[in-house]
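> no sequence for this one, just the structure:
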C-alpha cells in the first residue's frame, strides 16, 4: 500500500506542525525547536524537506485523492475540523488548532504546487526570490537575510543568481555601493 510509504514523511510534517503549535512543551521545548530547526535549515533542506516533499508528491499521484486527504486530516488530528461541530473533540487549544490547520493547508498546497527540483542550487535561488518578492533590497541587506550557511563565501554565486532573477538598480542614497536588487523587475 502506498500510504505505508508516505507514513514517515507525513509523520515528520505533523511533528513539525505540533512543535510549531507548542504541543511538545513538556518534552523540552528547546530540544524540540532545535530538531525542527535542523530539519528545515536551508543547508540540509535538499536532504530533508525537499525529499520528503517529493515522496509525498509521488504518493499523491499514486493514491486516491480522497484517501490521501482523509489520511492527512487524520494525522493532523483535524477529523472534526470541517464538520462544523460546536465542541471540538481535539485536545488542542484554539491557537494550537489554528497552527495545525495552517500547516495542514500549507502541506496540501505544497504537495499540489511545489515544483522545486531536488538536488539543484535551488535553496539559494529560492531564498533570493522569496526575499525579493517582499520588496527591493540592497545587496548587503539581501546577504544578511540569507541563512548563515548560504552567506559563507557565496557572494559570487549570489551575484550570478541575482543576474538571472532580478534587475539591479543604482542606489541613490550611497554612491559607490553595489546597488540594489529590485523585486519589481524580477524575471
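Okay, I see it. Note that the structure is a prediction, hence the values are computed from the model and not measured.
> from what I see, residue 162 and residue 169 are in contact.
No: applying Cβ atoms under 8 Å as the test, residue 162 and residue 169 come out as separate, 11.6 Å apart. From N, CA and C alone the C-beta is placed, and that goes for glycine too.
> in contact with the spatially most central residue of the chain, which residues?
The residue lying closest to the centre of the chain (Cα atoms, centre = their mean) is residue 40, at 7.3 Å. Shown in contact with residue 40 (Cβ atoms under 8 Å, 6 or more residues apart in numbering): 16, 48, 49.
> ok, 7 Å please
For residue 40, the contact set (Cβ atoms under 7 Å, 6 or more residues apart in numbering) comprises residue 49.
> pLDDT value on it, please?
Residue 40 carries a pLDDT score of 70 in this model.
> how about residue 56?
On the pLDDT scale, residue 56 gets 93.
> tell me the spacing between it and residue 79.
Here the criterion is Cβ to Cβ, to the nearest Å. By it, residue 56 lies 20 Å from residue 79.
> settle it for me: which of the two has more neighbours?
residue 56 (22 against 15; other Cβ atoms under 10 Å).
> and the next element down the chain from the host helix or strand of the more buried one?
Counting by DSSP states H and E, the element that carries residue 56 is helix 49-62. Going down the chain from helix 49-62, the next helix or strand is helix 65-75, by DSSP H and E.
> chain center to that following helix, what's the gap?
20 Å (Cα atoms, centre = their mean, to the nearest Å).
> show me where the chain has strands.
137-138, 167-169, 180-182 (DSSP state E).
> buried residues in the second one?
I take that to be strand 167-169. Within strand 167-169, the residues that count as buried by 16 or more other Cβ atoms under 10 Å are residue 167.
> that strand pairs with which strands, parallel or anti?
Paired strands of strand 167-169, with direction, are strand 180-182 (antiparallel) (DSSP bridges).
> what's the average pLDDT for the strand it pairs with?
Rounded mean pLDDT across strand 180-182 is 48.
> just the helices in this protein please.
Secondary structure of the chain (DSSP state H): helices at 2-20, 29-40, 49-62, 65-75, 94-113, 122-134, 139-145, 148-151, 155-165.
> list of residues touching the fifth one?
Meaning helix 94-113. By Cβ under 7 Å, 6+ apart, helix 94-113 touches 13, 17, 20-23, 53, 56-57, 60, 72, 76-78, 81, 88, 90, 92.
> filter those residues down to the buried ones and hand me the PyMOL line.
Selection of buried members from those for PyMOL, criterion 16+ other Cβ under 10 Å:
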select buried, resi 13+17+20+21+23+53+56+57+60+72+76+77+78+81+88+90+92
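> ok, the closest residue to residue 127 other than its chain neighbours - how many residues close by?
Of all residues not flanking residue 127 in the chain, residue 146 sits nearest, at 5.6 Å (Cβ to Cβ, 6 or more residues apart in numbering). Number of residues near residue 146 (other Cβ under 10 Å) recorded here: 18.
> noted, bye for now.
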